[in-house]
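1. Generate a structure from the sequence data that follows.
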Amino acid sequence: MRAIGVDLGGTKLHAAIFSLSGDILADRTVLLEGRTGQQVGALIVTVCNLLLEEQGISPEEEKRVGICVPGIADTRTNRVWAPNIPGWSSFPLKEYINHAMPGTETIIASDRTCYILGETWQGVAKGYTDAIYLSVGTGIGAGIMSDGRVIHGTADIAGAIGWMALQPPFSEEYSNSGCFETYASGTGIAAQARKLSGQPGVYQDARSVFDAYQRGNTVALRVIDKAVECWGMASANLVSLFNPKMIVWGGGVFGPAVSFLDRIYYEACKWAQPISIRQCRFEASALSQKAGILGAGRLAMEAMKVYE
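-> Model prediction:
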């Protein structure tokens, strides 16, 4: 029996074959190149079969395929909602892969779930049963593990914390992506800087705002200070709700925002349940871009009942 992990993003996919000890034996990354709907499903099958062929493994051999998807993986329907992939508003991914790859059992989870599975398997939270992966990139999401179980919610929407309410009164600008994302996602940071500067042609991404912050730019100082405040408040809420042993910070913004972790923790200490926050460490992810593929691999390994 073989274990395959697939980390699917909005623009590319990364697939890997895992050994029984959890090492990556072979992997391959390919661009989606505008593929939509079933074309993306077919690409997953093609890449997995290529990896099997490269390793001299028959495509008929029994296997488990774990897939990390950038959206919602509804275990009630086995359908996937992935807004960055056209044609995946309710795509039957599990059915498609199982049919196209004989001898396959497919296990699908959201990227939030896979990130925390990867970190608690081979990352800075290795072996922890109470930990949270807080991903800050274009958007914001959290993979939450409590008592050794990942929290999914009714329809796999648990952890969509970009919608966390942090700044009253309500503003219409929160409607599209949520209050937290408005101020503290990569997209939100750049948008706030453009708004405050009155210059729509500058600050095209969050990194440019961080660069301006280092130069002492007053707009960037206001925007990043607000983001730090929001990161601290949101993580304080998570600490008070779930009493984690660690919050792992990852995503494209952490990156440049790693240097603010001490400030974020200080801010969280103001708001969080005092005993719980003292029990919790804030750490940057050490897995770089590998948390998703490792989480997908862990899904496959758990289905094989060889993961410990």
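2. what's the closest residue to residue 164 other than its chain neighbours in contact with, if anything?
-> Take residue 164 and drop its neighbours on the chain: the residue closest to it by C-beta to C-beta, 6 or more residues apart in numbering is residue 180, 4.4 Å away. Any C-beta I mention is one placed from the backbone N, CA and C, and that applies to glycine too. Residue 180 sits next to 140, 161-164, 166, 230, 234 when contact means C-beta atoms under 8 Å, 6 or more residues apart in numbering.
3. Type out the PyMOL command that picks the buried ones from these.
-> Buried residues among the contacts of residue 180 (16 or more other C-beta atoms under 10 Å), as a PyMOL selection:
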select buried, resi 140+161+162+164+166+230+234
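4. Show me the shaky parts of this protein.
-> Applying pLDDT under 70 to the chain flags residues 306-308.
5. so where's the longest helix in it?
-> In the chain, taking DSSP state H as the definition, the longest helix is helix 218-242.
6. For the following helix or strand past that helix, which helices and strands make contact with it?
-> For helix 218-242, the succeeding helix or strand toward the C-terminus, using DSSP states H and E, is strand 246-250. Secondary-structure packing of strand 246-250 (3 or more C-beta pairs under 8 Å, 6 or more residues apart in numbering; DSSP states H and E): helix 111-122, strand 131-136, helix 218-242, strand 281-284.
7. Helices of the stretch 1-150 of the chain, start to end?
-> Assigned helices in the stretch 1-150 of the chain, in chain order: 37-54, 93-100, 111-122 (criterion: DSSP state H, counting those that start in this stretch).
8. Report all helices and strands that the host helix or strand of residue 267 contacts.
-> Per DSSP H and E, residue 267 falls inside helix 261-271. Helices and strands touching helix 261-271, by 3+ C-beta pairs under 8 Å, 6+ apart, are helix 218-242, strand 281-284.
9. pull the CA atoms of that helix into PDB?
-> These are the backbone C-alpha positions of helix 261-271, laid out as PDB (Å, rounded to 0.1, in the frame of the first residue of the first chain):
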ATOM      1  CA  LEU A 261       6.000  37.900  17.100                       C
ATOM      2  CA  ASP A 262       7.200  39.300  20.500                       C
ATOM      3  CA  ARG A 263       5.000  42.300  20.100                       C
ATOM      4  CA  ILE A 264       2.100  40.200  19.000                       C
ATOM      5  CA  TYR A 265       2.500  38.000  22.100                       C
ATOM      6  CA  TYR A 266       2.700  41.100  24.300                       C
ATOM      7  CA  GLU A 267      -0.500  42.400  22.800                       C
ATOM      8  CA  ALA A 268      -2.200  39.000  23.300                       C
ATOM      9  CA  CYS A 269      -1.200  39.000  26.900                       C
ATOM     10  CA  LYS A 270      -3.300  42.100  27.500                       C
ATOM     11  CA  TRP A 271      -6.500  40.400  26.200                       C
END
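10. what's the offset of it from the middle of its chain?
-> 22 Å (C-alpha atoms, centre = their mean, to the nearest Å).
11. likewise stretch 5-24?
-> Relative to its chain's centre, stretch 5-24 lies at 14 Å (C-alpha atoms, centre = their mean).
12. List the contacts of residue 265.
-> 232, 235, 282.
13. residues contacting the second one?
-> In this case it means residue 235. Counted by C-beta under 8 Å, 6+ apart, residue 235 has contacts 134, 247, 264-265, 268, 272, 282.
14. Equivalent analysis for residue 27, please.
-> By C-beta under 8 Å, 6+ apart, the contact set of residue 27 is 14-17, 51, 293.
15. Out of the helices and strands packed on strand 246-250, which is closest to residue 84?
-> helix 111-122 (10.9 Å; C-beta to C-beta).
16. between that closest one and strand 246-250, how many degrees?
-> With axes from the mean of the first three to the mean of the last three C-alpha atoms, to 10 degrees applied, the angle from helix 111-122 to strand 246-250 works out at 120 degrees.
17. What helices and strands are in contact with helix 111-122?
-> Helices and strands touching helix 111-122, by 3+ C-beta pairs under 8 Å, 6+ apart, are strand 63-69, strand 131-136, strand 140-146, strand 149-150, strand 246-250, helix 291-304.
18. Alright, I will stop here.
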